[in-house]
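>>> Turn this into a model:
(2 chains, ligands or ions: 2)
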Amino acid sequence: MGDGVTTAAPALTQIPRAPGIAFILKKALISALVALVLFSLMIGIRTEAGPTGQLIYWTRFGDLAAMVAAVFGGSIIVELLRQWWGPVGTIRIIPPRLQSTLAVARRGIAPVLLIFTFLVPVIFYDQRYILDLGILVLTYVMLGWGLNVVVGLAGLLDLGYVAFYAVGAYSYALLATNFGLSFWVCLPLAGILAAFWGMMLGFPVLRLRGDYLAIVTLAFGEIIRLVIINWQSLTGGPNGVSGIPRPTFFGIPLVPGPDGLAAKLGIEFSPTHRIVFLFYLILGLALLTNWVTIRLRRLPIGRAWEALREDEVACRALGINITTTKLTAFATGAMFGGFAGAFFATRQGFISPESFTFQESALVLAIVVLGGMGSQLGVALAALTMIGGFELFRGLEQYRMLVFGVAMVLLMIWRPRGLIGHRAPTVFLRHSQAISSDLVKEGHG
Amino acid sequence: MSGDSILTVDRLSMRFGGIVAVNDLSFGAERRKITALIGPNGAGKTTVFNCITGFYKPTSGMMRLIHDDGRAFQLERLNDFRISKLAKVARTFQNIRLFPGMTALENLMVAQHNALMLASGLTFLGLIGAPSWRAAEKRAIDLAQLWLDRIGLLDRADDAAGNLPYGDQRRLEIARAMCTEPALLCLDEPAAGLNTRESAALSELLLSIRADQGTSILLIEHDMSVVMEISDHVVVMDYGVKIAEGTPQDVRDDPRVIAAYLGADEEEAIAVMESGA
Ligand SMILES: Nc1ncnc2c1ncn2[C@@H]1O[C@H](COP(=O)(O)OP(=O)(O)OP(=O)(O)O)[C@@H](O)[C@H]1O
Ligand SMILES: [Mg+2]
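Ligands and ions are numbered 1, 2, ... in the order given. Take a look at the predicted model:
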């Protein structure tokens, strides 16, 4: 594959637009070859244990051939698509009139989305499924925004973000079940504890870059999960923590009976009240994350994060303390993860280590990358697309992952720098101009 | 070194494995003067800068910096960002290191990080939008604006630094260094890649920085027209050692310097010089 990329460069310089048919065929052939090697054992030969325990196997060369052919054809299609709506092409195809309309639409999309989100519980009051989905999407929006501080702004690739989610969740669960502290007391504590662990992770990885940073953060995520599984006396191990108190409306529980909020307000109790409350709770938390992040970007610390992503050496020459700058990025991101974790615990009422696997880290990172690293709106849209899309394809059953994967690949071909690839300046003299993504560095992660 | 030195480099050596990039080098930079450090490629000039600005730990030697108020800093003992933050030594790089994805204005704001960090109450005052923070931010923008104006980039303040032409990027990097309000400004080949008109503008900018800000300047430069025009004192290096120093005139006429530059022996070099002039 790497070979195909290097041969592409001279071809591109000679003929600016389309690399020739020969190149496309060559690339497809290489892909098909890789597929053949991979699938010859995975699909070509099927093995099973026979009734008496012996090994039986049979060949499926027809399926193998079909698969390899599909990869060959798919590679050609992808390459053609890349040429037609490649990142360069999109801007040229759209006429200027439409572009200005799009610009207006783009500016309007955030407020419209926000108002719509506020109205979701009103519109879909009877549809529990939609409300639950909304809560799920908002949780990931919040996680995405939190991780965005570390990955998008500071440019530090963190593959273990779920660790802070777990720390937040377990902090609330354990504090609430053991000491009877209320959600509103535990929420800041969960954030502080997660931020503390963010710093703990930050120290050893200060000098690491790129792949090394990614591997250590990944390991950190696993360590936290394994500690939770094995520290049975504190965390309950694989059994998790159950009976986590539900959130209260600032001390007033959302329960039927005379003490509940419904009775106090003089309305009839309905279990939906709690769902709606949770919806607005996570919306509030997510908006807080967003507000703080936007504020921080315009403060010296936020600018230092972005400068760090752009050029660490130049930062040092300007007297910026790299150590504290990186640690604050880790801590801030982790704190938001901790808040989200506490919310998760109170919503579920039960948590176990299974909820905090690497898959969660990968999903949140995918949201950040897909959204366009650093863009708040992009991350929100990406969370909506990923989580919502995931549900949308539920009808496709076992092909869900496949369809989803293909959609992701196509999206990344069309927009390699994410849905919102450009960067908005944090300060301006006359007019704020979006900065094109090919100037903005991705950091050393 | 006589006079009032802001920087005194004493027997500085820097080794990389077997390579001796800087060998027992001593020189001084006078206060409010422009000192040029010249020498052929690979002479070790950038390495000297990297030692002064804390990017390399020197193998041996001392570097002493004395502020106007008499405070002294032993640069080899300070590390990393503290040289810029405390000793107030700013630098530019041979290959420009701006923040390409940030605007020109943002680049200059990042340079004021330490001052702004204090003004924002380590972020907390800034987060709540305290009036004192707003005032400090306004002042920082004004300072950035002033520098953008001085380098003639005011109307490109909101453009990404990576989008600016090469010459503008060079000047922006100098402005960014100046926004840290340095006592000593170290410039690594600021005229590299500039055309004659741009070089002349650069000379003017550096002279005005010395005159208006009173900043001492240490300058590495290959463009002899710039060196001869603006420097007060020139130090010449070759193979890591100092081979000559003096006024631009002294140095220009020194056969050892000519020989080092031409890589020939002295008589030959003089012959070439005379036939050229
Ligand atoms: N980090 C390093 N590791 C090993 N050798 C180095 C390192 N930095 C510099 N050198 C060597 O030190 C010598 C001096 O390099 P330096 O970059 O200081 O020269 P220079 O005078 O700035 O040259 P130029 O005019 O080309 O910029 C060179 O031989 C170089 O290869
Ligand atoms: Mg050099």
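
>>> Please list all residues in contact with the residue minimising distance to the centre of chain B.
Nearest to the geometric centre of chain B sits residue B:186, at 1.6 Å (CA atoms, centre = their mean). Residue B:186 is in contact with B:49, B:52, B:53, B:89, B:90, B:91, B:92, B:217, B:218, B:219, B:220, counting by CB atoms under 8 Å, 6 or more residues apart in numbering or on different chains. Yep, even glycine has a C-beta here, placed from its N, CA and C like the rest.

>>> what's the weakest-modelled helix or strand in the chain?
Just going to use chain A. helix A:2-14 (a mean of 37; mean pLDDT, DSSP states H and E).

>>> in the stretch 301-445 of chain A, which spans are helices?
With helices called from DSSP state H, counting those that start in this stretch, the stretch 301-445 of chain A shows them at A:312-317, A:322-348, A:358-371, A:376-383, A:389-392, A:400-414.

>>> Throw these into JSON lines and include mean pLDDT, distance to residue A:298 and mean neighbour count, thanks.
Output for those, formatted as JSON lines (pLDDT from 0 to 100; distance: least, CB to CB, whole Å; neighbours: other CB atoms under 10 Å in any protein chain shown):
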{"stretch": "helix A:312-317", "mean pLDDT": "92", "distance to residue A:298": "18", "mean neighbour count": "22"}
{"stretch": "helix A:322-348", "mean pLDDT": "93", "distance to residue A:298": "14", "mean neighbour count": "26"}
{"stretch": "helix A:358-371", "mean pLDDT": "88", "distance to residue A:298": "20", "mean neighbour count": "21"}
{"stretch": "helix A:376-383", "mean pLDDT": "89", "distance to residue A:298": "13", "mean neighbour count": "26"}
{"stretch": "helix A:389-392", "mean pLDDT": "78", "distance to residue A:298": "32", "mean neighbour count": "15"}
{"stretch": "helix A:400-414", "mean pLDDT": "77", "distance to residue A:298": "30", "mean neighbour count": "14"}
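
>>> And those helices: which comes nearest residue B:193?
For those, proximity to residue B:193 was assessed by CB to CB; helix A:312-317 is nearest, at 18.2 Å.

>>> Mind listing residues that contact the closest one?
Helix A:312-317 has contacts (CB under 8 Å, 6+ apart) with A:304, A:307-308, A:322, A:325, A:444, B:53-55, B:80-81, B:84, B:90-91, B:93, B:97-99, B:110, B:177.

>>> Now, the residues you listed that are in helices?
Among these, the members falling in helices (DSSP state H) are A:304, A:307, A:308, A:322, A:325, B:81, B:84, B:110, B:177.

>>> now those residues as CSV including distance to ligand 1?
As requested, the ones in helices among the contacts of helix A:312-317 are exported to CSV (distance: CB to the nearest ligand atom, whole Å):
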residue, distance to ligand 1
A:304, 26
A:307, 23
A:308, 22
A:322, 19
A:325, 24
B:81, 19
B:84, 20
B:110, 26
B:177, 18
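
>>> Up against ligand 1, what does the stretch 51-200 of chain B have?
Proximity of the stretch 51-200 of chain B to ligand 1 is confined to residue B:94 under the rule CB under 6 Å from any ligand atom.

>>> The strand or helix carrying residue B:175: which residues count as buried?
Assigned by DSSP states H and E, residue B:175 belongs to helix B:166-178. Buried positions in helix B:166-178, judged by neighbour count with 16 or more other CB atoms under 10 Å in any protein chain shown: B:167, B:168, B:169, B:170, B:171, B:172, B:173, B:174, B:175, B:176, B:177, B:178.

>>> after it, next one along is what?
Next in sequence after helix B:166-178, counting helices and strands by DSSP H and E, comes strand B:184-188.

>>> any idea how far the residue nearest to the centre of chain B is from residue B:52?
Applying CB to CB, to the nearest Å, the value for residue B:186 to residue B:52 is 6 Å.

>>> Could you name every residue contacting both of those two?
Looking at what touches both residue B:186 and residue B:52 (by CB under 8 Å, 6+ apart), the common residues are B:89, B:91, B:218.

>>> Please list all residues in contact with the last one.
Meaning residue B:218. Residues in contact with residue B:218, defined by CB under 8 Å, 6+ apart, are B:7, B:29, B:35, B:37, B:49, B:52, B:184, B:185, B:186, B:187.

>>> Just the buried ones from those, in PyMOL syntax?
To isolate the buried members of the contacts of residue B:218 in PyMOL, using 16+ other CB under 10 Å:
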select buried, chain B and resi 7+29+35+37+49+52+184+185+186+187
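
>>> Closest to ligand 2 out of the contacts of residue B:218?
If you rank those by distance to ligand 2 using CB to the ion, residue B:49 comes first, at 7.7 Å.

>>> Wait, the closest one touches residue B:188, no?
Yes: contact criterion CB atoms under 8 Å: residue B:49 and residue B:188 qualify, at 5.6 Å.

>>> all strands in the stretch 151-277 of chain B, in order from the N-terminus.
All strands of the stretch 151-277 of chain B, identified by DSSP state E, counting those that start in this stretch, fall at B:184-188, B:216-220, B:233-238, B:241-246.

>>> Can you say which of these is nearest to residue A:33?
Taking the strands of the stretch 151-277 of chain B one by one with CB to CB, strand B:184-188 is closest: 49.0 Å.

>>> mind checking how far the closest one is from the chain centre?
Relative to its chain's centre, strand B:184-188 lies at 1 Å (CA atoms, centre = their mean, to the nearest Å).

>>> what does stretch A:231-240 give?
Taking mean C-alpha positions (CA atoms, centre = their mean), stretch A:231-240 and its chain are 27 Å apart.

>>> follow-up on the earlier one: and of the helices of the stretch 301-445 of chain A, who's closest to residue B:134?
Here helix A:322-348 is closest among the helices of the stretch 301-445 of chain A (CB to CB), at 21.8 Å.
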